[in-house]
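Q: need a structure here:
(4 chains)
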4 protein chains.
Amino acid sequence: MTNDKTLTSSGFYVSQEAPIQTDNPVPTPQAAPPDILRCAYIELVVTDLKRSRDFYVDALGLIVTEEDEETVYLRTFEEFIHHNLVLRQGPVAAVAAFSYRVRTPEDLDQAVAFYTELGCRVERRADGFTKGIGDSVRVEDPLGFPYEFFHEVEHVERLAWRYDLYTPGALVRLDHFNQVTPDVPRATKFMQDLGFRVTEDIQDEAGTVYAAWMRRKPTVHDTAMTGGDGPRMHHVAFATHEKHNILSICDKLGALRISDHIERGPGRHGVSNAFYLYLRDPDGHRVEIYTQDYYTGDPDNPVVTWDVHDNQRRDWWGNPVVPSWYTEASLVLDLDGKPKPVVARTDSSEMAVTIGADGFSYTRQGDDAGELPSWKQGEYKLGHQL
Amino acid sequence: MTNDKTLTSSGFYVSQEAPIQTDNPVPTPQAAPPDILRCAYIELVVTDLKRSRDFYVDALGLIVTEEDEETVYLRTFEEFIHHNLVLRQGPVAAVAAFSYRVRTPEDLDQAVAFYTELGCRVERRADGFTKGIGDSVRVEDPLGFPYEFFHEVEHVERLAWRYDLYTPGALVRLDHFNQVTPDVPRATKFMQDLGFRVTEDIQDEAGTVYAAWMRRKPTVHDTAMTGGDGPRMHHVAFATHEKHNILSICDKLGALRISDHIERGPGRHGVSNAFYLYLRDPDGHRVEIYTQDYYTGDPDNPVVTWDVHDNQRRDWWGNPVVPSWYTEASLVLDLDGKPKPVVARTDSSEMAVTIGADGFSYTRQGDDAGELPSWKQGEYKLGHQL
Amino acid sequence: MTNDKTLTSSGFYVSQEAPIQTDNPVPTPQAAPPDILRCAYIELVVTDLKRSRDFYVDALGLIVTEEDEETVYLRTFEEFIHHNLVLRQGPVAAVAAFSYRVRTPEDLDQAVAFYTELGCRVERRADGFTKGIGDSVRVEDPLGFPYEFFHEVEHVERLAWRYDLYTPGALVRLDHFNQVTPDVPRATKFMQDLGFRVTEDIQDEAGTVYAAWMRRKPTVHDTAMTGGDGPRMHHVAFATHEKHNILSICDKLGALRISDHIERGPGRHGVSNAFYLYLRDPDGHRVEIYTQDYYTGDPDNPVVTWDVHDNQRRDWWGNPVVPSWYTEASLVLDLDGKPKPVVARTDSSEMAVTIGADGFSYTRQGDDAGELPSWKQGEYKLGHQL
Amino acid sequence: MTNDKTLTSSGFYVSQEAPIQTDNPVPTPQAAPPDILRCAYIELVVTDLKRSRDFYVDALGLIVTEEDEETVYLRTFEEFIHHNLVLRQGPVAAVAAFSYRVRTPEDLDQAVAFYTELGCRVERRADGFTKGIGDSVRVEDPLGFPYEFFHEVEHVERLAWRYDLYTPGALVRLDHFNQVTPDVPRATKFMQDLGFRVTEDIQDEAGTVYAAWMRRKPTVHDTAMTGGDGPRMHHVAFATHEKHNILSICDKLGALRISDHIERGPGRHGVSNAFYLYLRDPDGHRVEIYTQDYYTGDPDNPVVTWDVHDNQRRDWWGNPVVPSWYTEASLVLDLDGKPKPVVARTDSSEMAVTIGADGFSYTRQGDDAGELPSWKQGEYKLGHQL
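A: Numbers count the residues shown, from 1 in each chain, chains lettered A, B, ... in the order given. Presented below is the predicted three-dimensional model:
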């Protein structure tokens, strides 16, 4: 790795600037980007609205702000805007919009200018694309993702103090999105132009970037770019207050005999230091439950770089990542509602370089794979058969 | 209360603008305020450095970045700047500086201009006032408090992943300050001019403001103004990850037979919705341990107003506030290191209007004090004897 | 204290035999006592069944096994017998029975013989006194308490795995009773004859016993004897899994605006080392929520003796005990359903010797009361005015 | 399954008597068994005492009662007897003794009679086999395991209140052993003769028993019998107070870069309803960290029977069991210190019937394996390749 990275006592590196370069950048627009506050909501197309509602409302306990035959608008306990999740009945499971709130109404003009200059398709609706939200801009961004920006929004009651309504696994905030894209450096550079700052990434010694995390609000991320065939949505994440809340979600899924919605975890991330769980909804959309990352709001917040071979990067406890977590993701829609074609990643895949016959992971730098204890060998050596 | 406040289902009010007016404002400077990132550290003068170190390091588990005969520099587990707390041996227990980090080096010029225009005493040191910190500005602000601003700072390792070093009550962030001032509306207006936004306050039906919370980073506060004889420091607060971490601090103080450092709590705040504990250090400086407030970063984040008579405003469980919590606070120093004279509050005191013979608190709006159960009567009716 | 007690590093004493002597014993019967398994349920007479049901079912989340116009039968999540709590509508709030399960049906014959020999009133019903329970013996014991013994019981589903039904404050077990009696040594000796073993007690240097804890199942207690005017019921206690469950009960009572049900806590006990909360139900019956005491099942389990002046004995964090907790308790009924007359305690009262003008408490042995910090003085010196 | 089992709403069965029959019983002795209180300690032979001490003391935080060149005696925070774990340096990693405490000194005579009648090798030492323990009996039991019984023991301070010594993952009790034996019904019947009561088991529809849990103290178990090549030790389990304590152990192993000690979990068991984690010590001895099972002390405590094909039986969240957990275990020693030969299991193996080409597991009864979501197929279908 380059010599401006400092090895920490925890085994990862820190640097001042994100150590990510791209040979294939999206041009930087002259227009200033909109001032984005935070990831605000995601719109998911689901193929069986009733089943999805059962999952998100009855099992996960999200709060219904409003609903009709075709659509359910859901929010978390600490939210005061109309929704953090829209479920919309449709023919193909996909993501219709990654939606961000901007600081002022005027930021929408900037969004239009920014994406128009990039040659992107841009659509603006004064009455918004969903209930509860006013003037909005939707774009197909240069990476192929449907992004939305809005400022005007209906305020609803923040139910943070309504402990009589809390379930043991209460979801209190939308935390972040995670997007799958073939070329992570290109995507990262574009997001930096949009005003995001990188907080962590995963690389190998040759500089291949496997994933990068980036933020507007001062948490580890509002979105992340995960290397893979894309554009696709890797997951959307909701936060709980404490770790036991996440465990109780698993317990409840067990009690409901739908534990097969659990894909990976719970565990502790290396990246972000957060506690996590990955679920798959009835359409296979991946949902993370997440708690306790750290403050990143200083402009010189150290960027953390993980070695792709560090077996604790994605799970601090060294528990294996299931192959589906690397390979499966949700389609995204264009502004006509048609699935975007998926482009294959050509760089090395993280799964290939870390699992199985061709892969290599270590617990301690300098160890070789032959030193894995017997109970770990199966886990990491089987991957190539999948 | 004025009619732009909306009563919520939780018993408090929300409004769009902080419903606080002052007849006695500090003039708003022409100069723009510095762009403050967050509260960063507090410098406490302590009268027995060894005893204070025992408390903050051995009992509370803060990390020693650096120390010498006269001074100990401490930080939290998730911090990457040199320190969050400076303990300095001195003759009188007091606060030497409330220190904030600003976005750029140039913000120090703005700080100088801003306070100079207000006629405040301003001192700038290119090498900083403490180790680990560069170019800094200290002022005696119009409210009488010693404020510091800096940008340059020595980076140290963020120990967030060093779970081998965590104690059961690990402190992970500096969360906020809390200042005592006689005229809360005047102080609030001044802080708004400095760029802070009010998130919550406590008022009575006549509009008397007893306390107000205000933020730069998107939590409930970076500092709060508490009505009382001032300028004094009410407390400094550190965050833990979870509630059990706070309970374990109490358990440990018990095991060390120094439980008399516990002044109030643990409990759940009404204001901020956070879980809390108040300790008093060996000099009587008050330290809060705090966890789990909510995101406030949107510009239209609803302002929460609590009725001073609502018995759940300061403790959501209705547990009484001990009188010392209202009356005792730390002196603050001027830039020569001399204690600032304390000016008496002339508005009603929160303690007087809520506890004892003249006071009144309710659990449910509309109840009268005569309806208190026997076990609550003693708690709330005795206050006036103290 | 006598020299067979060993001072521990935690500030209390341990000894092999309960250091409790009585000059006024209940005669030890020739008949062997019944083999008691555990405290099993309590029958409470309540004056407004609807209001009590709201409290125990809607607020606390106990499970309704069965109910009719006059009675509600409730159980905890891990219970497999019909009920742990019976609420029965009646004219005077009181305890109708402290009920224990015995090992075999034949133990009922032994219970009859044991109490008959003592001259107690004994009543046996082959069909039980409540639904769900078969052959039962009720007695007015020599201390004046209505005790019940039974073995036959209807099994119901243990809902321990039904996490879909859990609330954040789920109650999982009945843990213990606590009885108020004027003469603790006499009561303790009698309970030892009944087969209980003392686990902890509170004494002063003169040997006055203020309270004693005793067990059949291997926890700190199935019941305790608290010195005071009696016979009365001090409280009944239910267990949660973790401490946050108890905190969430407080949060919920706040959200329901019935936080005035909280009398004392939450806190950590010195005695038992458990985490606790005391509530008062709509009739004033005291309910403890309790978690995490320790295993006591070895016959030589060390008996812990606390000094009544140790301020951490009842709250390990040194938080004050509210006076009502010492003075208020529930009446108990005789077998005709009439309240038992209450006999005054003549020994020193724990409240008097520890709070206020005549009392004295220390945090560290050897300290004197004058050393209390200002925030503690009010708490402990005011007691005598109550 | 036989018709005296009742299907519960949680998907397992309950019955009154353990539904386990054996065609090949160990004869029931005429002599009464000793009255066993609880599992008390395990003696592990380790090949590198320093490394093992680092693991158990520095990483897991067990308390050193006493140690010398060859041996380390360790206990948990709530223990008052000399030790719960003995590490002894030796040439082959193995278990030297599963040790149980009995109620009285005389129970040792009964142990001698009981095992002598069975023709077992029995050795008694008035001064005990380890420091801190007096008169003891060791036997090679009919199943081939080295069992010890003792009553006399040195009392040491119970450090339950010493929160100043607690680490975030403090181990508070020895909870249970788990033994591997080829013929579970035979072993179960023998343990019932020794006075144990079955609490849970795993069977298939043909009545093959894969594992059974049995207790003396009123928890789910003091030991369990797991079907496999034996006699071997599957694991020894220590308890924490709460689930976050277990998570913090994982976090700490990650920070120490020894996360490869984690074999399985953390997770929620179906059997026992406890929260768990499995570690492997430096010699591969398996250690479980465990919390929150349920009270089983009533003589008619319902026996829980799990279907071997129920994918939530061993992990309530449906997470897969790693193959090593089924196949690897520790040797046990005979009374001369020589490893006991291992006899192969001839009944079906749980791994074979549940994982891979020949196996079948369901989340919901009636589902077939083809309905597994993609992310679960890999997990359960790959097993046969291992």
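
Q: By proximity to chain D, which residue of the stretch 1-150 of chain A wins?
A: residue A:11 (6.3 Å; CB to the nearest CB). For glycine as for every other residue, the C-beta is placed from the backbone atoms N, C-alpha and C.

Q: For my notes, confirm that residue occurs in a helix.
A: No: per DSSP: H, G, I helix; E, B strand; the rest coil, residue A:11 lies outside any helix segment and is coil.

Q: ok, it - how many residues close by?
A: By the criterion of other CB atoms under 10 Å in any protein chain shown, residue A:11 has 20 neighbours.

Q: Next one: it from residue A:311, what distance?
A: Here the criterion is CB to CB, to the nearest Å. By it, residue A:11 lies 10 Å from residue A:311.

Q: circling back to that earlier point, so the residue of the stretch 1-150 of chain A closest to chain D touches residue A:365, yeah?
A: Yes: under the criterion of CB atoms under 8 Å, residue A:11 makes contact with residue A:365 at 6.5 Å.

Q: what ranges do the helices span in the stretch 1-150 of chain A?
A: For the stretch 1-150 of chain A, the helices defined by DSSP state H, counting those that start in this stretch occupy A:49-53, A:107-117.

Q: ok, the closest residue to chain B within the stretch 151-300 of chain A - contacts?
A: Of all residues in the stretch 151-300 of chain A, residue A:161 sits closest to chain B, at 4.0 Å by CB to the nearest CB. Residue A:161 makes contact with B:8, B:10, B:12, B:270, B:273, B:316, C:254-255 under the criterion CB atoms under 8 Å, 6 or more residues apart in numbering or on different chains.

Q: same check, this time on residue A:222
A: A:36, A:38-39, A:100, A:176-177, A:196, A:214-216.

Q: Residue A:112 too?
A: Taking CB under 8 Å, 6+ apart as the test, what residue A:112 contacts is A:122, A:124, A:137.

Q: repeat that with 6 Å
A: By CB atoms under 6 Å, 6 or more residues apart in numbering or on different chains, the contact set of residue A:112 is A:122, A:137.

Q: and what of residue A:260?
A: D:318, D:363, D:373, D:376.

Q: quick one: the second one and residue D:311 touch, right?
A: By that I understand residue D:363. Yes: with contact defined as CB atoms under 6 Å, residue D:363 reaches residue D:311; the gap is 5.2 Å.

Q: Give me the domain ranges for chain A.
A: Domains of chain A are assigned by automatic domain parsing as A:33-332, A:355-385.

Q: tell me the most buried of those domains?
A: With neighbours taken as mean count of other CB atoms under 10 Å in any protein chain shown, these reach their highest mean count in domain A:33-332, at a mean of 22.

Q: tell me the mean pLDDT for it?
A: What domain A:33-332 shows for mean pLDDT is 98.

Q: So the lengthiest helix in chain A, near chain C or not?
A: Looking across chain A with DSSP state H, the single longest helix is helix A:243-255. Yes: where contact is defined by CB under 6 Å from any CB of the partner chain, part of helix A:243-255 touches chain C, namely A:251-252, A:255.

Q: Return the closest of the residues you listed with respect to chain D.
A: residue A:251 (5.7 Å).

Q: Quick check: that closest one vs residue D:263, distance?
A: Residue A:251 is 22 Å from residue D:263, by CB to CB.

Q: And the strands in the stretch 51-200 of chain A?
A: A:63-67, A:71-75, A:85-89, A:94-102, A:122-125, A:136-140, A:146-150, A:173-181, A:197-203 (DSSP state E, counting those that start in this stretch).

Q: out of those strands, nearest to residue C:132?
A: Nearest to residue C:132 among those is strand A:63-67; the distance by CB to CB comes to 37.9 Å.

Q: contacting residues for residue A:266?
A: Counting by CB under 6 Å, 6+ apart, residue A:266 has contacts A:246, A:277.

Q: burial count for residue A:21?
A: Using other CB under 10 Å: residue A:21 sits among 12 other residues.

Q: now do the one 4 residues further on
A: Residue A:25 sits with 16 neighbouring residues when counted by other CB under 10 Å.

Q: Now do the same contact list for it.
A: Residue A:25 neighbours (CB under 6 Å, 6+ apart): residue A:189.

Q: just to revisit the earlier point, nearest to residue A:224, of the contacts of residue A:161?
A: residue B:273 (28.4 Å).

Q: hang on, the closest one packs against residue A:159?
A: No: when contacts are counted by CB under 6 Å, residue B:273 is not listed as touching residue A:159 (10.7 Å).

Q: Check whether residue A:342 really touches residue A:229, as I assumed.
A: Yes: if you go by CB under 6 Å, residue A:342 and residue A:229 touch, sitting 4.9 Å apart.

Q: Just confirm yes or no for the helix or strand containing residue A:238 near chain D.
A: Residue A:238 belongs to strand A:232-239 when assigned by DSSP states H and E. No: for strand A:232-239, no contact with chain D is found by CB under 6 Å from any CB; the gap never falls below 12.6 Å.

Q: same question, stretch A:169-186
A: No: Stretch A:169-186 stays clear of chain D (CB under 6 Å from any CB), getting no nearer than 12.7 Å.

Q: How about residue A:344: what's its closest non-neighbour residue?
A: Closest residue to residue A:344 apart from its sequence neighbours, by CB to CB, 6 or more residues apart in numbering or on different chains: residue A:229 at 5.0 Å.

Q: I'd like to know which of the contacts of residue A:222 is nearest to residue B:326.
A: Among the contacts of residue A:222, and counting by CB to CB, the member closest to residue B:326 is residue A:38, at 36.7 Å.

Q: residues contacting the closest one?
A: Counted by CB under 6 Å, 6+ apart, residue A:38 has contacts A:101, A:216-217, A:222.

Q: Pairing partners for it in the sheet, please.
A: residue A:101 (DSSP bridges).

Q: how close does it sit to residue A:76?
A: Using CB to CB, residue A:38 is found at 13 Å from residue A:76.

Q: where does the stretch 151-300 of chain A come near chain D, residue by residue?
A: Going by CB under 6 Å from any CB, the residues of the stretch 151-300 of chain A near chain D are A:243-244, A:247, A:250-251, A:254, A:257, A:259-260, A:262-263, A:268.

Q: between those residues, which is closest to residue B:236?
A: residue A:243 (26.7 Å).

Q: residues contacting the closest one?
A: A:275, D:244, D:247.

Q: now the closest residue to residue A:350 other than its chain neighbours: how far from chain C?
A: Once flanking residues are discounted, residue A:350 sits nearest to residue A:210: 4.3 Å by CB to CB, 6+ apart. To chain C, residue A:210 is 36 Å away according to CB to the nearest CB, to the nearest Å.

Q: Verify the contact between residue A:210 and residue A:308 for me.
A: Yes: in terms of CB under 6 Å, residue A:210 counts as a neighbour of residue A:308; the distance is 5.3 Å.

Q: Next, show the common contact partners of the two.
A: Common neighbours of residue A:210 and residue A:308 (CB under 6 Å, 6+ apart) are A:202, A:350.

Q: Can you tell me the closest non-neighbouring residue to the residue nearest the centre of chain A?
A: With distances taken as CA atoms, centre = their mean, residue A:178 lies nearest the centre of chain A, 2.0 Å away. Excluding the flanking residues, the one nearest residue A:178 by CB to CB, 6+ apart is residue A:234, at 4.0 Å.

Q: Appreciated, that's everything.
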